[in-house]
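1. Give me a model of this one.
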Amino acid sequence: MFGLVFKDNDPANSFWEEQGYSLRTNLNYRNKSLNEDIPTGD
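-> Purely as a prediction, here's the structure:
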C-alpha cells in the first residue's frame with residue numbers, strides 16, 4: 001500500500017510514519033498542470 005502526502009505536511013507525515021509507513025526515496029513524482037492557477041510545487 002502507499003499514500004501520498006505533501007512533504008511539508010508534518011502532521012500527516014508523522015501520522016503515517018506512526019502507522020508503520022516508511023518514506024520512499026527511490027521514486028520521482030511528476031505532474032504537468034493543465035491549469036496555470038494550480039501550483040506546480042518545488
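
2. Okay, now the unreliable bits of this structure?
-> Where the chain drops to pLDDT under 70, the residues are 41-42.

3. okay, how far is it across stretch 27-37, tip to tip?
-> Start-to-end span of stretch 27-37 (CA to CA, to the nearest Å) is 26 Å.

4. correction: stretch 11-28
-> Using CA to CA, the two ends of stretch 11-28 sit 22 Å apart.

5. what's in contact with that stretch?
-> Residues from elsewhere that reach stretch 11-28 (CB atoms under 8 Å, 6 or more residues apart in numbering): 1-3, 5-7. Just so you know, the C-beta spots here come from the backbone N, C-alpha and C atoms, and that holds for glycine as well.

6. Separate out the buried members of those.
-> residue 5 (16 or more other CB atoms under 10 Å).

7. where's residue 31 relative to residue 10, distance?
-> Distance of residue 31 to residue 10, computed by CB to CB, to the nearest Å: 22 Å.

8. next one: residue 4
-> Here residue 4 is placed at a distance of 15 Å from residue 10 (CB to CB).

9. Repeat that for residue 24.
-> Separation of residue 24 from residue 10 (CB to CB) stands at 18 Å.

10. Residue 23 too?
-> 13 Å.

11. Over to residue 17?
-> As for residue 17, its distance to residue 10 is 10 Å (criterion: CB to CB).

12. which residues does residue 5 contact?
-> 12-13, 16.

13. which one among these gets closest to residue 35?
-> Of all the contacts of residue 5, residue 35 sits closest to residue 12, with 24.0 Å by CB to CB.

14. Neighbours of the closest one, how many?
-> Neighbourhood size, residue 12 [other CB atoms under 10 Å]: 13.

15. do the same with residue 15
-> For residue 15, the count of nearby residues is 13 (other CB under 10 Å).

16. Provide the secondary structure category for it.
-> With DSSP: H, G, I helix; E, B strand; the rest coil as the basis, residue 15 sits in helix.
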